[in-house]
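> Make a model of this:
(one chain, ligands or ions: 2)
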Amino acid sequence: MFPINAIDVRGLLHVTGGARSLIVNLLPMEALKTQKNQEKPASSARIAPRLGIIGGGQLARMTAVAALRLGCDVIVLERNDHSPAAQVATRCLVGDWNNPEALLKLASQVDVVSIENEFISTDALAVIEKAGHRLFPSTETLRLIQDKLTQKQCLQRAGLATTRFVAVENQQRLAEVTREFGLPLVLKARRNGYDGKGNYTIKTEADIPDAWKALNGDRNELYAEAFCNYHAELAVIITRGQDGAMAVYPVVETVQRDHICHIVRAPAAVSPNAHEKAHQMARAAIEAIEGVGSFGIELFVSENDEVMINELAPRVHNSGHYTIEGCVCSQFENHVRALFGWPLGSTAMVNPAAVMVNLLGASQGSGAPLGIENALQVGGAHIHIYGKAMSGRGRKMGHVTAIGPDVARAEAAAQSAAGKIFFGSTT
Ligand SMILES: Nc1ncnc2c1ncn2[C@@H]1O[C@H](COP(=O)(O)OP(=O)(O)OP(=O)(O)O)[C@@H](O)[C@H]1O
Ligand SMILES: [Mg+2]
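Numbering: from 1, shown residues only. Ligands and ions are numbered 1, 2, ... in the order given. Model prediction:
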């Protein structure tokens, strides 16, 4: 049982349990609203800026930590009460993100709402703005990004380079496209893809039936992209304020394994020209979608220094986790600053290099890491564990960042610590 500490002027019951506190709403919302309008708070009451986050995974958790540091209260909406973000948030609402009622309940208890993933139904989300609550990024921005084909069309209209792409309605059309674009060809689901789930690389025409089946083409809308023979994958985190101000982070190199981001090296070892182009494209892309908050822009760079956009993420991004220790102001803090209309912080690196290595689950098992004592002996390695209940194969369970005088030394430290941590079954 949690000991009860106090009931504050907003009718909120504060209870403390171990290192964290919970705040439980004792009054129905209508009563709360009326009370808020009628009563002036006692001078000792703390009225914090209130942030609502839809989704309770690691991205929401790290955003919540940044917001709490700035004195905000954070309320998380998730389907269960023990999500990674619920463990650190001021309070958790249990509910479905696609349920307009749950979304409105969250919005009515905070000053601004944000999202941690792009898969929320925009029809459901629209109720937040319709009811006059603040939501960043907006439903319209999300609508442009959520469907990868619409997103690519939007980038194309903004004059930004992407790989060739086209909608494919059936297998016959797909066969034609393999001849038009050449092989290999990447078949993608227009919606709900992540960590490569939703992508299929077609190497020969004989792969078409398998690809179509794997992505369930008879039920899901698909599109095809020319394969980009890239030299490296890059990413840029960019934060845009409500006033249009922008904070752009260094260009980083991302290394994917099995389509999942594995290593992030900051800064990327690319030419000043590629660096500049990636920054320009990130600025133009976020303007094209009128984004507010932190966004991740994924790019490809070719051998001859051509830069193309792969995709945008309308949220803080795995390629920006290094900014927590690596930059003056992290992507999470800048996201919070943008949401509240506060000035954006510096994106400068505090050391010449930073490298982040993801901690992925090896198999199904406990969400608690094995080997953390050994990893903590590695000097300069910053270990983040997300607090997920269960590990799964390829599931993102945490990450390690090391900063240093150059990428090689930072990477050696990050890899050394990451290699000592294991998530999964030991039997
Ligand atoms: N057109 C392409 N040419 C070459 N490789 C590609 C192409 N599209 C995607 N990939 C590879 O597959 C990876 C995952 O693709 P994409 O970013 O489209 O998927 P996703 O499921 O949204 O991934 P994530 O959630 O990890 O960002 C890319 O990072 C890249 O390595
Ligand atoms: Mg991607």
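> What are the neighbouring residues in contact with the residue in the stretch 1-150 of the chain that ligand 1 sits nearest to?
Minimum separation of the stretch 1-150 of the chain from ligand 1 (C-beta to the nearest ligand atom) falls at Lys148, amounting to 7.1 Å. C-beta coordinates here come from the backbone N, C-alpha and C atoms, glycine included. If a contact means C-beta atoms under 8 Å, 6 or more residues apart in numbering, then Lys148 has 188-191, 193, 223, 311 as its contacts.
> who touches stretch 329-337?
51, 62-63, 65-67, 69-70, 72, 114, 237, 239, 241, 247, 249, 293-294, 316-317, 320-321, 323-324, 342-347.
> Buried ones among those?
With burial judged by 16 or more other C-beta atoms under 10 Å, the buried subset of those is 51, 62-63, 65-67, 72, 114, 237, 239, 241, 247, 249, 293-294, 316-317, 320-321, 323-324, 344-345, 347.
> Just those: which are in strands?
51, 114, 237, 239, 247, 293-294 (DSSP state E).
> Chain neighbours aside, what residue packs nearest to Pro405?
Pro352 (5.6 Å; C-beta to C-beta, 6 or more residues apart in numbering).
> Need the per-residue pLDDT for the one you found.
Looking at Pro352, its pLDDT is 98.
> Could you report the neighbour count for it?
14 (other C-beta atoms under 10 Å).
> so where's this structure uncertain?
1-44 (pLDDT under 70).
> if you set the cut-off to 80 instead, what comes out?
In the predicted model, the chain carries pLDDT under 80 at residues 1-46.
> how does it divide into domains?
4-145, 164-226, 232-418 (automatic domain parsing).
> hmm, the shortest one in reach of ligand 1?
Translated: domain 164-226. Yes - applying C-beta under 6 Å from any ligand atom, one finds domain 164-226 in contact with ligand 1 at 186, 193-196, 198-199, 225.
> Among these, which one lies nearest to Ser425?
Nearest to Ser425 among these is Asp195, at 20.8 Å by C-beta to C-beta.
> How many neighbouring residues does the closest residue to that closest one other than its chain neighbours have?
Spatially, and ignoring its direct neighbours in sequence, Asp195 is nearest to Ile260 (4.7 Å; C-beta to C-beta, 6+ apart). Per other C-beta under 10 Å, the neighbour tally for Ile260 reads 16.
> hey, what's Ile260 bridged with?
Beta-bridge pairing for Ile260 (DSSP bridges): Arg257.
> change the start of the numbering to 870 and stick with it
All set: I'll call the first residue 870, so the last point we hit is now Ile1129.
> Convert the longest helix that the chain contains to CSV, retaining C-alpha atoms only.
Longest among the helix segments of the chain by residue count, using DSSP state H, is helix 1141-1157. Provided in CSV are the C-alpha atoms of helix 1141-1157 (Å, rounded to 0.1, in the frame of the first residue of the first chain):
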residue,chain,number,x,y,z
PRO,A,1141,30.4,19.1,-45.4
ASN,A,1142,28.2,19.3,-48.6
ALA,A,1143,26.2,16.2,-47.5
HIS,A,1144,25.9,17.6,-44.0
GLU,A,1145,24.6,20.9,-45.3
LYS,A,1146,22.2,19.3,-47.8
ALA,A,1147,20.8,17.0,-45.0
HIS,A,1148,20.2,20.0,-42.8
GLN,A,1149,18.5,22.0,-45.6
MET,A,1150,16.2,19.0,-46.4
ALA,A,1151,15.3,18.5,-42.8
ARG,A,1152,14.3,22.2,-42.6
ALA,A,1153,12.3,22.1,-45.8
ALA,A,1154,10.6,18.8,-44.8
ILE,A,1155,9.4,20.0,-41.4
GLU,A,1156,8.2,23.2,-42.9
ALA,A,1157,6.3,21.3,-45.7
